[in-house]
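1. sequence and predicted structure, then a few things I'm wondering about:
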Amino acid sequence: MRKYLPLAASVLLLAACSEKPGYEITGTVSNADLNGQYVYLYEYGNPDVLPFDSALVENNAFKFKGTQDGSLLATIQFSTDVVPQERGKATPFKTTFTLENGKLTVNLDSMSAVTGTPANDAEKALKEKINPFTEEMSKLSEAFRSEDKSIADAAEKKYDELSDKITQVICNYILEHMDQKISAKYLYDNRYSLSEEQQNQILSQADSSFKSVPGINQMVAHLEVLKNVAVGKKFIDFEMADPKGEMHKLSEYVGNGKIVLIDFWASWCPPCRKETPHLVELYKQYKNKGFEIVGISLDSKADAWAKGVKDLNITWTQLSDLKGWQNAGAALYGVNSIPHTLLVDKDGTIIAKNIHGEEIDAKLVEALNK
């Protein structure tokens, strides 16, 4: 029998060598109340697909094992009846990460983190860069509520500065890690804060794998729409009803010798309502000097729209199709957040986009003086 041992040993060795390397995820959960519950592993972006693995939480710990060809964006989370998800808020004890072969460590908490491979370590480093800014932003909440306008305004300015710093850090991270799918997720998650220029810069360097991440194809399509209404392009005409139900074309007001601010807004939009008093004063000052405003409302209820116009002392032209976010004009101009503004020159050429407050004043004066 001894002469067969080398053969058996070689078979075992070959079997061991042929085994695919796998991943092992060692996890901890900071909340003891979640012991006895199952945590699930999903493919990111497919919420209706069943999880491909599950693990029982015991003694605040759990473990996943498997193999993964290449890298995959995956999400670890509890079922929604165990940890509810609130719209507009980050869900605790949940994280999306790069699933790839290796030894991964995950800590599920109010802010979760995964480490153990270069892609996940780089993302954790990004979160550590951002944290000081977010902590500083959270300290501004009391100042926001101050009855002293100067204090509240200073807090808002500081908040915007910190937000811009976070956006730049994220933009740099994405550009430095274009080979990682998690970067594409950061692009999509921050699409409202990253500028059109930043988005185009990133997508110009993206490969098919990057663009395959859920949401990126919609971003590409949106940027194509924005090219049609870029600075230097002529405005796009459309027809819509005023509050009395009478139909008007945008060209009745734009491209006829006046500088026109096209203002996409809605009565239910707090930032729009906050900005409107400034526009009211600006309109009073310049309406007889070659300036006009056309408001395009994304309201869906006529009475709410009318009340907003009255309450905010709006006296300029108002148009809407009362279709909310499906507003036809908003679709033509690629509007996905409001307030959204375009300043159009006397001949109908777009000369500025998404300007607010004092930026409008400066651009308007410059245009009127030409």
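-> Received the coordinates, thanks.

2. what segments of the stretch 1-150 of the chain are helices?
-> Residue ranges of the helices in the stretch 1-150 of the chain, as given by DSSP state H, counting those that start in this stretch, are 5-18, 118-138, 141-144, 149-176.

3. make a markdown table from those and add distance to residue 255 to it.
-> The C-beta positions use only the backbone N, C-alpha and C, and glycine is treated the same way. Formatted as a markdown table, the helices of the stretch 1-150 of the chain follow (distance: least, CB to CB, whole Å):
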| stretch | distance to residue 255 |
| --- | --- |
| helix 5-18 | 71 |
| helix 118-138 | 42 |
| helix 141-144 | 40 |
| helix 149-176 | 33 |
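
4. between these, which gets nearest to residue 30?
-> In terms of CB to CB, the element of the helices of the stretch 1-150 of the chain nearest to residue 30 is helix 118-138, at 16.1 Å.

5. residues of stretch 274-285 that come out buried?
-> 275, 276, 279, 280, 282, 283 (16 or more other CB atoms under 10 Å).

6. quick one: which of these is nearest to residue 135?
-> Among the buried residues of stretch 274-285, and counting by CB to CB, the member closest to residue 135 is residue 275, at 28.1 Å.

7. re the thing from before, got a markdown table for the helices of the stretch 1-150 of the chain, with distance to residue 327, mean pLDDT and mean neighbour count too?
-> As requested, these are exported to a markdown table (distance: least, CB to CB, whole Å; pLDDT from 0 to 100; neighbours: other CB atoms under 10 Å):
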| stretch | distance to residue 327 | mean pLDDT | mean neighbour count |
| --- | --- | --- | --- |
| helix 5-18 | 59 | 46 | 9 |
| helix 118-138 | 31 | 94 | 15 |
| helix 141-144 | 30 | 85 | 12 |
| helix 149-176 | 27 | 93 | 15 |
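
8. and residue 192, which of the ones you listed is closest to it?
-> Nearest to residue 192, of all the helices of the stretch 1-150 of the chain, is helix 149-176, at 9.9 Å by CB to CB.

9. what helices or strands is the closest one leaning on?
-> helix 118-138, helix 141-144, helix 181-189, helix 196-203 (3 or more CB pairs under 8 Å, 6 or more residues apart in numbering; DSSP states H and E).

10. if we go to 6 Å?
-> Contact here means 3 or more CB pairs under 6 Å, 6 or more residues apart in numbering; DSSP states H and E; on that basis helix 149-176 packs against helix 118-138, helix 141-144, helix 181-189.

11. can you redo those as a markdown table with distance to residue 93?
-> Putting the helices and strands packed on helix 149-176 into a markdown table (distance: least, CB to CB, whole Å) gives the following:
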| stretch | distance to residue 93 |
| --- | --- |
| helix 118-138 | 16 |
| helix 141-144 | 24 |
| helix 181-189 | 19 |
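
12. closest to residue 238 out of those helices?
-> helix 181-189 (28.3 Å).

13. what is the mean pLDDT for that closest one?
-> Helix 181-189 carries an average pLDDT of 97.

14. with just CA atoms, put it into PDB.
-> Provided in PDB are the C-alpha atoms of helix 181-189 (Å, rounded to 0.1, in the frame of the first residue of the first chain):
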ATOM      1  CA  LYS A 181     -16.900  50.300  -9.300                       C
ATOM      2  CA  ILE A 182     -17.400  51.900  -5.800                       C
ATOM      3  CA  SER A 183     -16.200  55.200  -7.400                       C
ATOM      4  CA  ALA A 184     -19.100  55.000  -9.800                       C
ATOM      5  CA  LYS A 185     -21.500  54.700  -6.900                       C
ATOM      6  CA  TYR A 186     -20.000  57.800  -5.300                       C
ATOM      7  CA  LEU A 187     -20.500  59.600  -8.600                       C
ATOM      8  CA  TYR A 188     -24.200  58.700  -8.700                       C
ATOM      9  CA  ASP A 189     -24.800  59.400  -5.000                       C
END
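
15. and of the helices of the stretch 1-150 of the chain, who's closest to residue 44?
-> It is, among the helices of the stretch 1-150 of the chain and with distance given as CB to CB, helix 118-138, at 13.1 Å.

16. residue 234 touches residue 345, doesn't it?
-> No - contact between residue 234 and residue 345 fails when scored by CB atoms under 6 Å: they sit 9.8 Å apart.

17. those two: which is more packed in?
-> residue 345 (19 against 15; other CB atoms under 10 Å).

18. in contact with the more buried one, which residues?
-> Counting by CB atoms under 6 Å, 6 or more residues apart in numbering, residue 345 makes contact with residue 351.

19. relative to residue 368, how far out is it?
-> Per CB to CB, to the nearest Å, residue 345 is found 10 Å from residue 368.

20. do a quick rundown of the helices in the stretch 201-350 of the chain.
-> Counting by DSSP H, counting those that start in this stretch, the helices of the stretch 201-350 of the chain are 208-211, 216-227, 270-286, 302-311, 328-332.

21. for those helices, which one ends up most surrounded?
-> Comparing the helices of the stretch 201-350 of the chain by mean neighbour count (mean count of other CB atoms under 10 Å), helix 328-332 ranks first with a mean of 18.

22. where in this protein is pLDDT low?
-> 1-20, 47 (pLDDT under 70).

23. one more time with 80
-> The chain contains residues with pLDDT under 80 at 1-20, 46-48, 88.

24. who touches stretch 24-39?
-> Residues contacting stretch 24-39 (CB under 6 Å, 6+ apart): 54-57, 60-65, 78, 82, 103-109.

25. redo the helices of the stretch 201-350 of the chain as JSON lines? Include distance to residue 132.
-> Putting those into JSON lines (distance: least, CB to CB, whole Å) gives the following:
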{"stretch": "helix 208-211", "distance to residue 132": "28"}
{"stretch": "helix 216-227", "distance to residue 132": "28"}
{"stretch": "helix 270-286", "distance to residue 132": "26"}
{"stretch": "helix 302-311", "distance to residue 132": "39"}
{"stretch": "helix 328-332", "distance to residue 132": "36"}
